[in-house]
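*Asks:* Give me a model of this one.
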Amino acid sequence: MKVGPTLQGGLRIDVETPLDWMVLRCISYDSRGGGIDLADRVSAPMGSDEGMEDWREYVLPELRDSFNGQLDTIEGALALAGDGESPAEIHISREDADLWYGGLNQARLALEERYGFSAENPEEMTPGRRSAWFRSQFYLQVQSVLLDHVMR
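*Replies:* Modelled structure (predicted):
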């Protein structure tokens, strides 16, 4: 897989193998895995606060819609790009850069919460944890390219 800026100010991802497709499809899987969405995870520390009922009624639905919209944008781009097996190009426009950045961030946050990578050496991880760690690092690199070349 190759990721780089375009002359139009966006980002292009060249998907070359079925494994590349799997990694890209894991963005949503990693974000939504575990049965707790990011909006609930963000709200958890406020669980006993006095204004939590107002938060749940007025803020949480919009926050959840925003987070789901980020993942819907990514899923839609993947669906438009190809069959999930053949080489393809995925284009991220300036307009969608924030949505992609947010979706990738959701995936990274969820993986960190699930696996707690910060104190581990990847060489000592089980294959499943190592795979998740490499995905998290890939998501971070795509975010960096978005920041450096698209969102400036």
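*Asks:* C-alpha from now on. contacts and neighbour counts both.
*Replies:* OK.
*Asks:* Buried ones in the lowest-mean-pLDDT helix or strand in the chain, by neighbour count?
*Replies:* Every helix and strand in the chain was compared by mean pLDDT, DSSP states H and E; the lowest is helix 38-43, with a mean of 77. The neighbour-count check on helix 38-43 (16 or more other CA atoms under 10 Å) flags 38-39 as buried.
*Asks:* Give me the helices and strands touching it, please.
*Replies:* In terms of contacts (3 or more CA pairs under 8 Å, 6 or more residues apart in numbering; DSSP states H and E), helix 38-43 is packed against helix 60-81.
*Asks:* May I have the secondary structure class of the nearest residue to residue 13 once chain neighbours are set aside?
*Replies:* The shortest distance from residue 13 to any non-neighbouring residue, by CA to CA, 6 or more residues apart in numbering, is to residue 3 (4.5 Å). Classification of residue 3 into helix, strand or coil gives strand, according to DSSP: H, G, I helix; E, B strand; the rest coil.
*Asks:* Neighbours of residue 3, how many?
*Replies:* The local packing count at residue 3 equals 17, with neighbours defined by other CA atoms under 10 Å.
*Asks:* And the one 10 residues further on, by the same measure?
*Replies:* Number of residues near residue 13 (other CA under 10 Å) recorded here: 19.
*Asks:* what separates it from residue 125, distance-wise?
*Replies:* Counting by CA to CA, to the nearest Å, the separation of residue 13 from residue 125 is 28 Å.
*Asks:* Likewise for residue 73?
*Replies:* Here residue 73 is placed at a distance of 32 Å from residue 125 (CA to CA).
*Asks:* More neighbours: the two, which one.
*Replies:* Taking residue 73 and residue 125 together and counting by other CA under 10 Å, residue 73 has the greater number of neighbours (16 against 13).
*Asks:* Could you measure from the residue nearest the centre of the chain over to residue 133?
*Replies:* Centre of the chain computed as the mean C-alpha position; nearest residue by CA atoms, centre = their mean is residue 104, 2.1 Å away. Look at residue 104 and residue 133: by CA to CA, they are 13 Å apart.
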